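Undergrad: Provided below are the primary sequence and the corresponding predicted coordinates.
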Amino acid sequence: MQIKIAFLGTGTCASIPCNPSCLAISNGRETALVDCGGGCYHQISRLADPFFTHENITEVLLTHFHPDHTTGLVDLIWGEMWDPVSPRKKPLSLAGPVGLNRFINECIMPIIGDHKIPFELHMNELAHSDIFQGSFFSARSHTLSHTTSSTGYMLEFGSKKLGIT
């Protein structure tokens, strides 16, 4: 299985040329995002690589809930709802530290407002050492010390591994 990685953002909330944090990982059929900082949903279309399209995003893993790691979720959900060519129908899985459900319901959904999301959002809260089974990988969560909810991941793609901290 061929895996490609693209850095959609390596910056912070500060006004610098780099978008806030987002890593895209793809097997050519599905794409997972690790974090979803502002601008990443739009950045993926600028890659001009068939491995990376917004239509192939299957899941988002959040490391923590700081704005530079999460504000792109609004663009992702909203953009997938209103895509003029093919509005999303397939589910989108969100995985992250304990508190994910509360964060999505109290911080992200109020921005979406009363609009009905035409696809399912599957939320997966991960405690230390829990495993999330993605579409083409597995991810074991590891508690980190950045914030009380910071989580790193050990992603496995068959025999290959990638650590995210």
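TA: Sure, I can see it. Numbers count the residues shown, from 1 in each chain.
Undergrad: spatially central residue for the chain, please.
TA: residue 60 (2.5 Å; Cα atoms, centre = their mean).
Undergrad: what's the neighbour count on residue 155?
TA: Around residue 155 there are 21 other residues, counting by other Cβ atoms under 10 Å. Just so you know, the C-beta spots here come from the backbone N, C-alpha and C atoms, and that holds for glycine as well.
Undergrad: oh sorry, the question was meant for residue 73
TA: Around residue 73 there are 27 other residues, counting by other Cβ under 10 Å.
Undergrad: my guess is it contacts residue 60. True?
TA: Yes. The pair residue 73 and residue 60 passes the contact test of Cβ atoms under 8 Å, sitting 7.0 Å apart.
Undergrad: what touches both of those two?
TA: Listed as contacting both residue 73 and residue 60 by Cβ atoms under 8 Å, 6 or more residues apart in numbering are 36, 94.
Undergrad: which outside residues touch stretch 125-145?
TA: Stretch 125-145 has contacts (Cβ under 8 Å, 6+ apart) with 1, 25, 27, 29-30, 32, 58-59, 61, 63, 93, 95-101, 124, 150-157, 165.
Undergrad: check stretch 102-112 too.
TA: 65, 70, 73, 74, 77, 78, 81, 94, 96, 121, 123.
Undergrad: quick one: end-to-end distance for it.
TA: 15 Å (Cα to Cα, to the nearest Å).
Undergrad: please apply the same query to stretch 99-119.
TA: Using Cα to Cα, the two ends of stretch 99-119 sit 22 Å apart.
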